[in-house]
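Student: give me coordinates for this.
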Amino acid sequence: MSSRGGGGGRRGGRSDQGGGRGGAGAGRGRGREGAADLGAHPTGVARGWGGGRGDRGGAAAPGAAQRGGNFQPPHPVAGAGRGGYPGVAHQGRGQQVSAPAPTPSEVEALRRQVERKAVVTQVPAAGPFEGPSSAPAQRQAPSPVLSPAAAARPRMQAKAPGQAAPPATAGSSSSVPARAPAPGQAPAATARLETQGKSPAQATQMALAAPAGRLPPASSKALVLAPRPGYGTAGRKCRVRANHVQVRLADKEIYHYDVAITPESISRARNRWIINELVNLHKEYLGGRLPVYDGKKGLFTAGPLPFKAKEFVLMLTNPERANLGEKEYKVVIKDASKIDMYSLQQFLAGRQREMQQEIIQALDIALRECPSSRYTSISRSFFSSQEFGPGGPLGNGVECWRGYYQSLRPTQMGLSLNIDISATAFYKAQPIIDFAVEYLNVRDTSKRLSDQERIKLKKALKGVRVETTHRRDISIRYKITGLTSAALNDLTFDQDGTRVSVVQYFRRQYNYSLKYTHWPCLQAGSASRPTYLPMEVCNIAKGQRYSSKLNEHQVKNILRLACQRPAEREERTLGVLKKNNYTADDYAKEFGIKVNNQLALVDARVLPAPKLKYHESGKEKVCNPFVGQWNMINKRMVDGGSIRFWACLTFTSQIHPNEIGRFCEDLVMMCNSIGMRISTQPCVQIKKARQENLEAAIRDIYGHSAEVLAQQGLSGQQLELLIIILPDMSGSYGLIKRLCETEVGVITQCCAPKNVKKGGKQFLENLALKINAKVGGRNTVLEDALNRNIPLLTDMPTIVFGADVTHPSPGEGSAPSIAAVVASMDWPQVTKYKCLVSSQGHRVEIINDLFTEVRDSVKGIVRGGMIRDLLISFKKSTGHKPKRIIFYRDGVSEGQFSQVLLYEMDAIRKACASLEEGYLPPVTFVVVQKRHHTRLFPENHRSKDQTDRSGNILPGTVVDTTICHPSEFDFYLCSHSGIQGTSRPAHYHVLFDENRFSADALQTLTYSLCYTYARCTRSVSIVPPAYYAHLGAFRARYYMEEDNFDQGSSTGTSWTYDQSVPVKQLPKIKENVQQFMFYC
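Tutor: Numbers count the residues shown, from 1 in each chain. Below you'll find the predicted structure:
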């Protein structure tokens, strides 16, 4: 069906009949069947790199107002000129203006079209990657991400072990072209995506109106993730034990009630105390039920309460503030709903893809109720200073407590209870004065604290709860809000119209003579109504977690105390099960929960290690790693980098300059011996400087190098590598990286003085590997990659992304989060990764700058973003457009899956569509999780063919049964050899898969990539692109401030941020640095 350019403002035709009429200037073109399915760019023109033709089903042209055809909106920017957006008109230079909402007939057409299973499109002969593309190829259009109704490309529901294949979904059509799966591809399957509570028209408008990375679409709750394509079979079969125990449920009805407490409190502990008192005082009104409470609004019972709604009035005395006497609390309990336990059964059996989260929540709370009353609970973990073994001091007033983590999870074996051994840092319960002396390392308490010491102590104590000791009859708890700038003997307050000093008040009121009157005072309460508390009359209350970042000494101590070999950890896990004695737990019995007392025995497989290719000039050209390790003996880098101009700058006073010279000679010799090409002499003499002159010294040696090169007739050349021996005192690394990478523009290799002094072949070899990667070389590549023998990677140009967001540590105020995205820049080797970084709102997990649109008064709409820029870089580097995208996303918790997928897939779609008309490479989106609590133990700890030298399971061990999700595509992979303690497998969860990976293909690809990490000759614990993204985000935090923020890897807590609060932008990385793996 043809489409002729005509008058502006005409409405596009139905997508299932081909292209509609284009707006003015759309041009003449032939519509393709279902072409409007892919949608148009929301600003009218998506042809960003050289342009396409306005002939695809009536493209929206600049200057034309157009009502779009009915289309399937999985990705609002799915390709220019393929039908417009319902309800959006495009005018001028892509300016977006309002238009009438879709008519009922249009909505119905949209609904019918969304139900279609696939469309076939042709890749244009030439696209915006500024070069002729390969011969036109046909493929199925990708499935929707933001579909307002249902489904897209065919995917098949996974079946549980022993379960019959599911019946065909309603509305399936035999007219969908069938194709045999390629090697590594799973059979065609069906994925489903719905919007709850919204009509298709409303959902479509919401999806189109929301810019990428901002407000969450309403359909996020209904998102169904990629189903399991089957189970892996590759590798040697074995069995492992997991720290999961099976949970069985009796046939009981569970009811959910809403709770409202007046006055309200944000403290879960206080709310639980109120509800516990209510249950103890009014058992007769609860019908004999033993309810459990989540600390907020939810109360659950096994069986109904004898009322629909009831208000209770309680007069209670808070034991923490007994001096205030009794206080009235009103508690209203209202019937909310009966929980559907049948849906849980169907979900666990794999016959249903969705489940009410409140089911797991209710059962999980029931199992946590008893230990919550016995131990100190923090999130899902429970700790004690003695119950789980002795801890120990960590230094600076902090000590280690042992405990365990507990969480109820839906798995293929039914419900399982995940129990893991934990250890964390707590404030030591002691007098504040003792804490201050230890924390500040004060030797003379008779002296005043300096301003620096006072600020440091204030930061350490803010939020800490203390108990007063100066009154014999009562102890009162306070929460510290600050520290006074004035000393205690200078503090006064108004009492009955008279100014009274704090020292006088304590002497008169309590007959207490204060001693440390020259020290500051603790401050509680608000700034307008402060309460002053002398340090010497306050003790730190027991059971408070230390949430600040541990220093290097504390980290070493807690690792030493918490480190446990697999056999010991398994034994301690069983000990926790025995201690908790769930069979005698009143709440477990009330809710009919029976917990097994044996760890799950799980079928697993050990994947073979990939072969690694080294240079032909070496004695050993192909390497077979052994237990995840190898070395560089008899090997040369497959692609050694070249460095003509380098220099060395030292800031240490521990090492004589002659020793520094010998170190540089040894390092250059090592680099050259394993395949690099480095000048034997630096371009300027080795220089020494003091730490306080660090910035000037770096600029000086860089400038001096440029002068020397110019004198040698090498104008325009610049320093390629600066080796820096770090100062003796720590704290300068971040400043060096910020200065060299964002201001000067030079690659650096920093070395700690102690390592330089110790030297050694292994240290020099590891430095050489890092330097080679930083200057653009390759250390090794997968032999199968060179032979084009890796399914769904080497058959067509494929780009592999890694992404991560790191967040500021607690106490860092409104410091921004840092997002990093890396992407492979070589194919088929997939070893070089370019990194882009961006700052965003405080603790925001969604990556905001994957795709951006900025309106320019001259250029109109300017499109950018990290995904778009990296796609362009891949094309420039390889000469190919990526025809497949594999996206590894780190740092996302399970509760964030839907939002992250919806936002970030939408941004990926927009980035691709902005580059070329119809450019829609299939995407596989995989979340990588390391912050989980599943541990795998050998079935037999003494068997040498089941363990490595550390006693851990072998690298390559993969599990996709029993403890994995009942129906979604996930697996655990231990890809590294253990060093100390118990190895933690990485958890990979496929959220979206248009490439139709089989289980074997994705597991093998992921494991193989773990051998390509550039910094060492070991396989690593998570897939390198995710690892590199973490390193990039970590590095970028140094750019924010010279004194460097502390940073954490925890997941974010917000989806969006207050846009009225400006986010501090990162300085731009110099291009000659950014093109290499500078972060390595």
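
Student: quick one: the helices in the stretch 451-600 of the chain?
Tutor: 451-461, 502-510, 552-562, 566-580, 586-590 (DSSP state H, counting those that start in this stretch).

Student: for Pro682, which of those helices is the nearest?
Tutor: Proximity to Pro682 (CB to CB) singles out helix 552-562 among the helices of the stretch 451-600 of the chain, at 31.4 Å. (Each C-beta comes from the backbone N, C-alpha and C, glycine too.)

Student: next, the buried residues of that closest one.
Tutor: 554, 557-558, 561-562 (16 or more other CB atoms under 10 Å).

Student: can you redo those as JSON lines with distance to Val958?
Tutor: Below are these laid out as JSON lines (distance: CB to CB, whole Å):
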{"residue": "Gln554", "distance to Val958": "35"}
{"residue": "Asn557", "distance to Val958": "34"}
{"residue": "Ile558", "distance to Val958": "30"}
{"residue": "Leu561", "distance to Val958": "31"}
{"residue": "Ala562", "distance to Val958": "26"}
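
Student: just curious, which of these is nearest to Asn418?
Tutor: Ala562 (18.1 Å).

Student: quick check: domain ranges of the protein?
Tutor: 1-142, 432-541, 640-774, 781-1043 (automatic domain parsing).

Student: what's the closest of those domains to Gly232?
Tutor: If we rank the domains of the chain by CB to CB, the stretch that ends up nearest is domain 781-1043, at 4.0 Å.

Student: now the one helix or strand Ala362 maps to against helix 566-580, angle please.
Tutor: In this assignment (DSSP states H and E), Ala362 forms part of helix 357-374. Angle, helix 357-374 to helix 566-580, by axes from the mean of the first three to the mean of the last three CA atoms, to 10 degrees: 80 degrees.

Student: which of the domains of the chain sits closest to Asp294?
Tutor: domain 781-1043 (14.7 Å).

Student: which residues of this protein score low on pLDDT?
Tutor: For the chain, the stretches with pLDDT under 70 are 1-183, 187-222, 320, 322-323, 811-813, 1041-1061.

Student: next one: stretch 860-876 to chain centre, how far?
Tutor: 23 Å (CA atoms, centre = their mean, to the nearest Å).

Student: buried ones in it?
Tutor: For stretch 860-876, by 16+ other CB under 10 Å, it's 860-861, 863-875.

Student: give me the subset of those residues that lies in helices.
Tutor: 866-875 (DSSP state H).

Student: of all those, which two lie farthest apart?
Tutor: Met866 and Lys875 (15.2 Å).

Student: now the most centrally placed residue in the chain: closest residue in space, sequence neighbours ignored.
Tutor: Most central in the chain under CA atoms, centre = their mean is Gly891, positioned 1.2 Å from the mean C-alpha point. With sequence-adjacent residues excluded and distances taken as CB to CB, 6 or more residues apart in numbering, Gly891 is closest to Asp804, at 5.0 Å.

Student: now whichever strand or helix holds that neighbour: how far from the chain's centre is it?
Tutor: With elements taken from DSSP H and E, the one containing Asp804 is strand 798-808. Averaged C-alpha coordinates place strand 798-808 at 8 Å from its chain's average position (CA atoms, centre = their mean).

Student: and that strand, what other elements does it pack with?
Tutor: Applying 3 or more CB pairs under 8 Å, 6 or more residues apart in numbering; DSSP states H and E, one finds that strand 798-808 contacts strand 817-824, helix 866-878, strand 884-890, helix 1024-1037, strand 1047-1048.
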